[in-house]
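>>> Test case, fold it:
(one chain, ligands or ions: 1)
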Amino acid sequence: MSRTTKKRCFPLWIIFILVILVIGLPAVLLYSDIPDLSKYVLDDSKPEPVDEPDNTRAELEEEEPGEDYEREISDPFEDDNQKEVENKITEEGSEDKEELVNDKNDSDHDHESDLKVVSDGDYLLTLVTKETTLKSRYVPSNLQPIPSYMNPSYDMQLREEALWHLKELWDAANEEGVTLSIRSAYRSYATQKRIFENFADQHGEKEANRFSARPGQSEHQLGTTVDFGGSNVDFSAEFGQTDQGRWLAENAHSFGFAMSYPEGKEHITGYVYEPWHYRYIGVDEAVEWKESGLTLKEYLENQPQYFD
Ligand SMILES: [Zn+2]
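Alright, predicted model coming up:
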């Protein structure tokens, strides 16, 4: 009797060990993959991994995750700038990293109550910086759909006046053989909030804020700002050296657009170099800005500003 039991138990032990191996081993492997998986989930809403070709980006767009995510974000890759800042950090080396660590306690977040609240985002010369904030409920007036030929991938919007001048800019570039695309335009407060939180989860708030604006502090919420692309190095510092980047730097102001975050001015603007990010401020104003040689932030600080 007891012999029979032992005989039965022996195969049961083997089965037990096999079950542990079958279930346990994949579990361990899966667990070890979690950091990578989470990275890709986050990256899904953001720029593609470095050197990934454009068509992969398009594939990712189609696989866009949550429903509510799709509802809120018309352009999943809008905030762009992660790749740029990663390059920047690599170039700058460890000194700046130390500075960043030291600055961590000085987070802008602590000073939220000191932020100046912009009265009217529709005012074209409104100062949008890390010291000001647009209201969460502010939505620009006269938002119009950007024609699909400028970017067939997404539905994007821009304020009517800015869009009209963007079309002129587009045609002028085209005539000179420069092919542009629009990678991002209007973004709501809610969209920006989600984007920034994703980046903050990945990089920490302070670091994320070098290349991504906090909600209420993005010029994209104004409905007058676009991220240009069309090269194979979109959303990187190298974009500034492409035909598109050079043409924009030389000509965009003639159509009312100003580059908000020029190279080497992070200590003034608070953001890394973004040769693709342009904001419409009016033709006369943009020409005046260009001639001033100031950053857009400095130029706008010299214009009348209205806060609540
Ligand atoms: Zn931008």
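>>> In space, what's closest to residue 193 - neighbours in sequence excluded?
When the adjacent residues along the chain are set aside, residue 193 lies closest to residue 215, with 3.8 Å between them (Cβ to Cβ, 6 or more residues apart in numbering). C-beta: built from backbone N, CA, C; applies to glycine.
>>> Report the beta-bridge partner residues of whatever residue of the chain ends up closest to the ion.
For the chain, the residue closest to the ion is residue 277, as judged by Cβ to the ion, at 3.7 Å. Residues found in beta-bridge contact with residue 277 (criterion: DSSP bridges) are residue 227.
>>> these two touch, right, it and residue 257?
No. Taking Cβ atoms under 8 Å as the contact criterion, residue 277 and residue 257 are not neighbours in contact, 9.9 Å apart.
>>> what sits in contact with each of these two?
Here residue 277 and residue 257 have residue 226 as joint contacts, going by Cβ atoms under 8 Å, 6 or more residues apart in numbering.
>>> What segments of the protein are helices?
For the chain, the helices defined by DSSP state H occupy 2-43, 54-62, 67-72, 82-92, 94-103, 160-175, 189-203, 205-211, 243-251, 266-269, 283-292, 296-301.
>>> Quick check, residue 218 in contact with residue 128.
Yes. Counting by Cβ under 8 Å, residue 218 does reach residue 128; the two are 7.2 Å apart.
>>> just to revisit the earlier point, just give the number of residues close to the residue nearest to residue 193.
Burial of residue 215 is recorded as 20 neighbouring residues (other Cβ atoms under 10 Å).
>>> residues touching it, list them.
Shown in contact with residue 215 (Cβ under 8 Å, 6+ apart): 136, 189, 190, 192, 193, 196, 221.
>>> mind putting these in CSV, pLDDT included?
Converted to CSV, those look like this (pLDDT from 0 to 100):
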residue, pLDDT
136, 97
189, 98
190, 97
192, 97
193, 97
196, 97
221, 98
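>>> so which of those residues also contact the ion?
When Cβ under 5 Å from the ion is applied, no member of these is adjacent to the ion.
>>> just the buried members of the residues you listed?
When those are checked for burial by 16 or more other Cβ atoms under 10 Å, the buried set is 189, 192, 193, 196, 221.
>>> ok, and the closest non-adjacent residue to the last one?
Looking back up the chat, that one is residue 221. Nearest non-adjacent residue to residue 221 (Cβ to Cβ, 6+ apart): residue 134, at 5.2 Å.
>>> Give me the pLDDT for that neighbour.
For residue 134, the pLDDT comes out at 98.
>>> Enumerate the residues of the stretch 201-308 of the chain near the ion.
Within reach of the ion by Cβ under 5 Å from the ion, the stretch 201-308 of the chain has these residues: 227, 277.
>>> Below-threshold pLDDT in the stretch 1-150 of the chain: ranges please.
Per-residue confidence of the stretch 1-150 of the chain (counting by pLDDT under 70) places the weak regions at 1-11, 13-112.
>>> Give me the buried positions along stretch 289-300.
By neighbour count on 16+ other Cβ under 10 Å, the buried set for stretch 289-300 is 289, 290, 294, 295, 296, 297, 299, 300.
>>> repeat for stretch 200-208
Along stretch 200-208, the positions that meet the burial threshold by neighbour count (16+ other Cβ under 10 Å) are 200, 203, 205, 206, 207, 208.
>>> With adjacent residues omitted, what lies nearest to the first one?
In space, residue 200 comes closest to residue 208 once its chain neighbours are excluded; the distance is 4.5 Å by Cβ to Cβ, 6+ apart.
>>> mind listing what that neighbour touches?
When contacts are counted by Cβ under 8 Å, 6+ apart, residue 208 is found next to 196, 199, 200, 202.
>>> Among the residues you listed, which one sits closest to residue 236?
Closest approach to residue 236 among the contacts of residue 208 (Cβ to Cβ): residue 199, at 16.4 Å.
>>> before we move on, the earlier item: can you redo the buried residues of stretch 289-300 as a markdown table with pLDDT?
As requested, the buried residues of stretch 289-300 are arranged in a markdown table below (pLDDT from 0 to 100):
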| residue | pLDDT |
| --- | --- |
| 289 | 98 |
| 290 | 98 |
| 294 | 98 |
| 295 | 98 |
| 296 | 98 |
| 297 | 98 |
| 299 | 98 |
| 300 | 98 |
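>>> Now for those residues: which two are most distant?
Within the buried residues of stretch 289-300, 290 and 297 form the most distant pair, 14.5 Å apart (Cβ to Cβ).
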